[in-house]
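Q: sharing a model prediction with you, sequence too.
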Amino acid sequence: MKHLVIVVILIIGLTFLTNFVLQSIGLLPVEASTQAVIIDRLFDTHFLIISFLFSLILVFLVYSIVVFRQKKGDDGDSVHVTGSSRLEIVWTIIPLGTVIFFSYLGALSLAETLKVDAKALDVKVTAGQWYWSYEYPDFEITTDTLYLPVDRQVRLSMTSVDVIHSFWVPEFRVKQDVLPGENLVKELRFTPTIIGDYTVMCAELCGGAHAYMNSPVKVLSSSDFQDWIDEETGNIPQDPISRGEKLVTKNGCVGCHSLDGAPGVGPTWLNLYGSERKLNDGTTVIVDQEYLLNSIVNTNGQIVDGFAANIMPQTYGDQLSEDEINNIIAFIESLK
């Protein structure tokens, strides 16, 4: 009985110490949504159970090795244990009960995170290699940065134009796979609670530039969000360069082509227009309007040396009008 009391005390003490360490070292980012609070309650329970199991195994193992080690001069056999039906029942019922308990907690948490707010902000999300694009249908705004008002539920309707991607913002504790296909639109709801800047990451391996498929998220106060809406809706660009810039943002071109000279999956657009480029067939070409037009319409026709074919979508020639293509070319030409 003495040994049991000591073991129980050690297990309880080590459990609380381990759980304190796990909670103190900052394993999780800040809770920045109502869903994050719900999910972290589950994490807290998991950490406590993990701490207990770790302590249970470690204490029994170390205590048995130290206290019940073979004594000097003791060459006899140890006690032979054939089994215990009572013990087997106990270690079957306890794990079963634990699984049922966590299933119950999981169901409650899922129901809380899926609550629907009729006043939710609607945002259509398009994922592609390797970019995110956000459309606000109520305001006719498209951007590559996700702007959200604080303390208001947002409903994301998400689809992919190519392969499977996964929308993930660690601080919001939400993640949803995004699938290709018009009939496979995925919905995700959450409510941001802290004003600040965050990052959308792709949590599904989706190709060569998967690691760079990040997108800014800006959570604004209600007034600042309305100011942003007013600014965007009241400033419809008339010049080709500005229209081209919006088209580049909408179609996710900067997911592969940088605007500042940084390396990427495709050639940078900085100082591209008018330059001489070597192609992978050994020839050279001057980047002019004709070359850019052909590169958009026939993406595999002239591949710059050092870059791979079949990366850029083959559909831009069909989905973009002649005027839109000319606007994009005007924007590329302006990047000096």
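A: That came through fine. Numbering: from 1, shown residues only.
Q: for the stretch 101-250 of the chain, which spans come out with low pLDDT?
A: The model of the stretch 101-250 of the chain has pLDDT under 70 over residues 235-238.
Q: how about the strands in it?
A: Assigned by DSSP state E, counting those that start in this stretch, the strands in the stretch 101-250 of the chain fall at 121-128, 131-136, 141-143, 146-149, 154-160, 165-169, 174-178, 186-190, 196-202, 214-220.
Q: mind listing what's buried along the first one?
A: Along strand 121-128, the positions that meet the burial threshold by neighbour count (16 or more other Cβ atoms under 10 Å) are Leu121, Val123, Lys124, Val125, Thr126, Ala127, Gly128. Bear in mind the C-beta positions are built from the backbone N, C-alpha and C, glycine included.
Q: now swap in stretch 138-158 and tell me
A: Residues of stretch 138-158 classed as buried by neighbour count (16+ other Cβ under 10 Å): 141-144, 146-150, 153-154, 156, 158.
Q: same check, this time on stretch 41-57
A: Within stretch 41-57, the residues that qualify as buried are Leu42, Phe47, Leu48, Ser51, Phe52, Phe54, Ser55, counting by 16+ other Cβ under 10 Å.
Q: one more: stretch 226-236?
A: Residues Trp228, Ile229, Glu232 are the ones in stretch 226-236 that count as buried (16+ other Cβ under 10 Å).
Q: one step back: so which of the buried residues of stretch 41-57 comes closest to Glu333?
A: Leu42 (53.0 Å; Cβ to Cβ).
Q: tell me the contacts of that closest one?
A: For Leu42, the contact set (Cβ atoms under 8 Å, 6 or more residues apart in numbering) comprises Leu105, Gly106, Ser109.
Q: any idea how far Lys218 is from the last one?
A: Distance, Ser109 to Lys218, using Cβ to Cβ, to the nearest Å: 27 Å.
Q: so Trp168 sits against Met213, correct?
A: No - the pair Trp168 / Met213 is not scored as a contact, 10.4 Å apart, by Cβ atoms under 8 Å.
Q: neighbour-wise, which of these two wins?
A: Taking other Cβ atoms under 10 Å, Trp168 and Met213 do not tie; Met213 has more neighbours (23 against 17).
Q: what sits up against stretch 222-235?
A: With Cβ under 8 Å, 6+ apart, stretch 222-235 has contacts from Tyr136, Phe139, Glu140, Ile141, Thr143, Tyr147, Leu148, Pro149, Val150, Asp151, Arg152, Leu220.
Q: how about those residues, which pair is most distant?
A: Pairwise distances across those (Cβ to Cβ) peak at 24.5 Å, for the pair Glu140 and Asp151.
Q: hmm, back to that, adding distance to Pro313, write the strands of the stretch 101-250 of the chain out as TSV.
A: As requested, these are exported to TSV (distance: least, Cβ to Cβ, whole Å):
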stretch	distance to Pro313
strand 121-128	7
strand 131-136	11
strand 141-143	17
strand 146-149	22
strand 154-160	12
strand 165-169	14
strand 174-178	16
strand 186-190	21
strand 196-202	17
strand 214-220	18
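Q: distance between stretch 158-166 and the chain's centre?
A: 13 Å (Cα atoms, centre = their mean, to the nearest Å).
Q: domains of the protein?
A: 2-64+85-113, 121-233, 240-334 (automatic domain parsing).
Q: ends of the last one, how far apart?
A: The one in question is domain 240-334. With Cα to Cα, to the nearest Å as the measure, domain 240-334 spans 10 Å from end to end.
Q: and what of the longest one?
A: Separation of the first and last residues of domain 121-233 by Cα to Cα is 16 Å.
Q: likewise the shortest one?
A: End-to-end distance of domain 2-64+85-113: 48 Å, with Cα to Cα as the criterion.
Q: for stretch 72-83, same thing?
A: Start and end residues of stretch 72-83 are separated by 28 Å (Cα to Cα).
Q: ok, stretch 244-260 next?
A: Stretch 244-260 has an end-to-end distance of 17 Å (Cα to Cα).
Q: go on, stretch 176-187?
A: Span of stretch 176-187 from end to end, Cα to Cα: 8 Å.
Q: quick one: buried residues of that stretch?
A: Buried residues in stretch 176-187, counting neighbours by 16+ other Cβ under 10 Å, are found at Gln176, Asp177, Val178, Leu179, Lys186.
Q: quick one: which of those is nearest Cys256?
A: Closest approach to Cys256 among these (Cβ to Cβ): Val178, at 18.1 Å.
Q: which strand residues bridge the closest one?
A: His165 (DSSP bridges).
Q: picking that back up, now do the shared contacts for Trp168 and Met213.
A: By Cβ under 8 Å, 6+ apart, the residues touching both Trp168 and Met213 are Met201, Cys202.
Q: which residue is nearest the middle of the chain?
A: With distances taken as Cα atoms, centre = their mean, Trp168 lies nearest the centre of the chain, 2.1 Å away.
Q: separation between that one and Lys175?
A: Taken as Cβ to Cβ, the span from Trp168 to Lys175 is 4 Å.
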